[in-house]
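Novice: Fold the stuff below for me.
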Amino acid sequence: MASTALYSSPVGNPAAPELLQKGFFGSCDSWIYPRMGYEGDFVADGRMEQFDQGRGRVDRYQQDTNSGTFTLDIVNRLDVYGVFGSSKTQADWRFSDGIAGTVTRIEMGTRHQFLWGAGARAILYEWGRAFLGLGGRYSSCNYRPARLASNGVVRPVRGAHCDWREWQINLDVAYKIDVFTPYIGAKYSDARMDLRDFPLPIAADLTGSNSFKNRVPVGLYVGCALSTGQYFMLNIEGRLADEEAVTVSGELRF
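Specialist: As a prediction, this is how the structure comes out:
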């Protein structure tokens, strides 16, 4: 399988374990309770580069993901969650054969495939309305190409596959202002995606394999949650420096 690095995953609000104090069922004093929700993640520029079989930047790397989430909140301090959804990617890159110097441009798009992830976030310290949080996440998806063009000519992609995996850790701060809880943080991510078994050359070594990785592993993110503390929470997040991405998510407490 080929190794292609992807952009990093959504982070979420560090104060999330504390924000929803009341749900539809159960007691407010419960030490553990579930939340369920939606997460839409849209990456406009993943800022990837080729390595191993090739070299040079990936001109465009986009990903759209729509997922359901399930979270267990423990003592209003720790969230352990799973993410399960549908994802697709698009990528354009170029390579030179290194002998004649001929440049080939590849354009690829994938079908929607099942994406899963697992992670946790914890409130390390709370002072008044301020929160210090720490989190981490691992995600994976096995993409199947739906289309491929080499120098503008459509080519077959039967049998090709792209395996993506990514992990990240993050440290952030949040501050609660009435129904709004804005936050800012930094993260380190390692993302790879392997492209394998393509029926034509897609890298400088003239094989049907290529590997991408994120050019900058350290990124920044900002976001804000909206909640009255009962039943429902909405969160919007933007990520920059290592990628350009927006995530919209919402959760219900039961």
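Novice: all contacts plus neighbour counts: C-alpha atoms, from now on.
Specialist: Fine.
Novice: Is the residue sitting nearest the centre point of the chain in a helix, a strand, or coil?
Specialist: In the chain, the centroid-proximal residue (Cα atoms, centre = their mean) is residue 9; its distance is 2.1 Å. When classified by DSSP: H, G, I helix; E, B strand; the rest coil, residue 9 comes out as coil.
Novice: quick one: contacts for it?
Specialist: Contacts for residue 9 (Cα atoms under 8 Å, 6 or more residues apart in numbering) come out as 137, 139, 166, 168.
Novice: what about the third one, how many residues close to it?
Specialist: If I follow you right, that is residue 166. 21 (other Cα atoms under 10 Å).
Novice: From residue 137, how far off is it?
Specialist: According to Cα to Cα, to the nearest Å, residue 166 stands 8 Å off from residue 137.
Novice: In the stretch 1-150 of the chain, mark out all the strands, start to finish.
Specialist: Taking DSSP state E, counting those that start in this stretch as the test, the strands found in the stretch 1-150 of the chain are 3-4, 32-45, 48-51, 56-74, 78-96, 103-110, 113-127, 130-143, 145-150.
Novice: want to throw those into JSON lines with mean pLDDT, distance to residue 227 and mean neighbour count?
Specialist: What follows is the strands of the stretch 1-150 of the chain, written out as JSON lines (pLDDT from 0 to 100; distance: least, Cα to Cα, whole Å; neighbours: other Cα atoms under 10 Å):
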{"stretch": "strand 3-4", "mean pLDDT": "31", "distance to residue 227": "38", "mean neighbour count": "24"}
{"stretch": "strand 32-45", "mean pLDDT": "94", "distance to residue 227": "14", "mean neighbour count": "19"}
{"stretch": "strand 48-51", "mean pLDDT": "92", "distance to residue 227": "35", "mean neighbour count": "23"}
{"stretch": "strand 56-74", "mean pLDDT": "95", "distance to residue 227": "16", "mean neighbour count": "19"}
{"stretch": "strand 78-96", "mean pLDDT": "96", "distance to residue 227": "17", "mean neighbour count": "20"}
{"stretch": "strand 103-110", "mean pLDDT": "96", "distance to residue 227": "36", "mean neighbour count": "18"}
{"stretch": "strand 113-127", "mean pLDDT": "97", "distance to residue 227": "18", "mean neighbour count": "18"}
{"stretch": "strand 130-143", "mean pLDDT": "97", "distance to residue 227": "16", "mean neighbour count": "20"}
{"stretch": "strand 145-150", "mean pLDDT": "96", "distance to residue 227": "40", "mean neighbour count": "18"}
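Novice: okay if I get those strands as JSON lines plus distance to residue 208?
Specialist: What follows is these, written out as JSON lines (distance: least, Cα to Cα, whole Å):
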{"stretch": "strand 3-4", "distance to residue 208": "12"}
{"stretch": "strand 32-45", "distance to residue 208": "24"}
{"stretch": "strand 48-51", "distance to residue 208": "14"}
{"stretch": "strand 56-74", "distance to residue 208": "16"}
{"stretch": "strand 78-96", "distance to residue 208": "12"}
{"stretch": "strand 103-110", "distance to residue 208": "12"}
{"stretch": "strand 113-127", "distance to residue 208": "21"}
{"stretch": "strand 130-143", "distance to residue 208": "16"}
{"stretch": "strand 145-150", "distance to residue 208": "12"}
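Novice: Between these, which one is closest to residue 222.
Specialist: Nearest to residue 222 among the strands of the stretch 1-150 of the chain is strand 130-143; the distance by Cα to Cα comes to 13.5 Å.
Novice: Which secondary structure elements does that closest one sit against?
Specialist: Identification of packing neighbours for strand 130-143 by 3 or more Cα pairs under 8 Å, 6 or more residues apart in numbering; DSSP states H and E yields strand 113-127, strand 161-175.
Novice: now what about it, what contacts it?
Specialist: So strand 130-143 is in contact with 9, 11, 14-15, 87-88, 110-126, 161-176, going by Cα under 8 Å, 6+ apart.
Novice: Neighbours of residue 251, how many?
Specialist: 21.
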